[in-house]
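Colleague: Could you look at this predicted model? Sequence included:
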Amino acid sequence: MTREERPLIRIVDDDPAMRSAYALMLSAEGWETAEYEDAHAFLTGDAPSRPGCVLMDYQMPGMNGLDLVREMHSRGIKLPVIFLTAHADVDLAVQTMKDGALDFLTKPADEERLLTAIGAAVERDLRAHAGIREPAVERALFDELTERELGVVRLVARGLLNREIGEALGIAEKTVQAYRAAAYRRLGVKSAAELTELLIRIGERT
């Protein structure tokens with residue numbers, strides 16, 4: 001794994017002592033870190049193509065954490081964000097989660113919970129870089145299939161041929177092929193084996 005492929009934990013906080021404390025803790029756990037004093041430093045100094053996550057303070061001079069997340073979205077930066085704040089409230093937590101934050105922790109954050117959140121964030125980002133979709137995304141795509149497409153893919157996963165599926169559903173073999181192709185495109189799969197694996201991941205087939 002090259003340096004550009006190794007996960008990087010970005011720490012965005014205007015408190016230098018806090019940044020150093022988190023960097024020291026994370027380094028001891030084997031994580032590589034980068035420290036930024038504010039939103040501007042992060043936006044101009046970071047390489048967002050490198051996987052990892054962002055550990056972000058909410059209250060910062062200039063652009064606050066929520067505004068920074070929105071700016072990241074506008075720039076197409078998809079790094080998972082974990083918010084840290086000393087002034088937590090329910091409305092703020094809800095808003096940050098709506099705007100895409102992965103987690104919301106109150107300072108001083110419990111070390112075990114913080115490390116768990118970082119591990120989950122990095123795993124999610126590595127999956128995204130590898131082109132592996134989250135099960136929830138696959139579930140949503142599956143739920144968008146039409147009733148006829150659902151019928152076809154379930155029979156495909158049972159190992160039936162197009163001719164047999166047509167006979168079971170009372171439709172022509174060419175119609176089965178059309179529904180099957182449409183479902184494959186929607187789900188992003190290219191074979192019956194990939195389809196079966198997807199159905200297992202989302203709990204539609206065991």
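Modeller: Good, I have the coordinates.
Colleague: can you pull out the strands in this protein?
Modeller: Using DSSP state E, the strands found in the chain span residues 8-12, 32-36, 52-57, 81-85, 103-106.
Colleague: for those, which one ends up most surrounded?
Modeller: strand 52-57 (a mean of 26; mean count of other C-beta atoms under 10 Å). To be clear about C-beta, it is placed using only N, CA and C from the backbone, and glycine gets the same treatment.
Colleague: Grab the most central residue of the protein for me.
Modeller: residue 124 (4.7 Å; C-alpha atoms, centre = their mean).
Colleague: Not counting sequence-adjacent ones, nearest residue to it?
Modeller: residue 80 (5.6 Å; C-beta to C-beta, 6 or more residues apart in numbering).
Colleague: The one you found and residue 56, how far apart?
Modeller: Distance of residue 80 to residue 56, given as C-beta to C-beta, to the nearest Å: 10 Å.
Colleague: With just CA atoms, put stretch 70-83 into CSV.
Modeller: What follows is stretch 70-83, C-alpha atoms only, in CSV (Å, rounded to 0.1, in the frame of the first residue of the first chain):
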residue,chain,number,x,y,z
ARG,A,70,-21.4,22.0,3.4
GLU,A,71,-18.4,23.5,1.6
MET,A,72,-16.9,20.0,1.4
HIS,A,73,-20.0,18.8,-0.2
SER,A,74,-20.0,21.7,-2.7
ARG,A,75,-16.5,20.7,-3.7
GLY,A,76,-17.3,17.0,-4.0
ILE,A,77,-15.2,16.1,-1.0
LYS,A,78,-16.8,12.9,0.4
LEU,A,79,-14.6,12.2,3.4
PRO,A,80,-16.6,10.9,6.4
VAL,A,81,-16.8,13.6,9.2
ILE,A,82,-16.9,13.1,13.0
PHE,A,83,-17.9,16.2,14.8
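Colleague: for it, which positions count as buried?
Modeller: 72, 77, 79-83 (16 or more other C-beta atoms under 10 Å).
Colleague: Return the member of these nearest to residue 189.
Modeller: Proximity of the buried residues of stretch 70-83 to residue 189 (C-beta to C-beta) peaks at residue 80, which lies at 25.7 Å.
Colleague: Mind listing residues that contact the longest helix along the chain?
Modeller: Taking DSSP state H as the criterion, the chain has its longest helix at helix 111-129. Under the criterion C-beta atoms under 8 Å, 6 or more residues apart in numbering, residues 7, 9, 25-26, 29, 31, 51-53, 55, 78-82, 102-103, 105, 133-134 lie in contact with helix 111-129.
Colleague: what's the answer for stretch 19-34, then?
Modeller: Under C-beta under 8 Å, 6+ apart, the answer for stretch 19-34 is 6-11, 13, 35, 37, 45-46, 55, 111, 115, 118.
Colleague: And those residues, which is closest to residue 156?
Modeller: Nearest to residue 156 among the contacts of stretch 19-34, with distances taken as C-beta to C-beta, is residue 7, at 37.1 Å.
Colleague: nearest spatial neighbour of that closest one, skipping sequence neighbours?
Modeller: residue 52 (4.2 Å).
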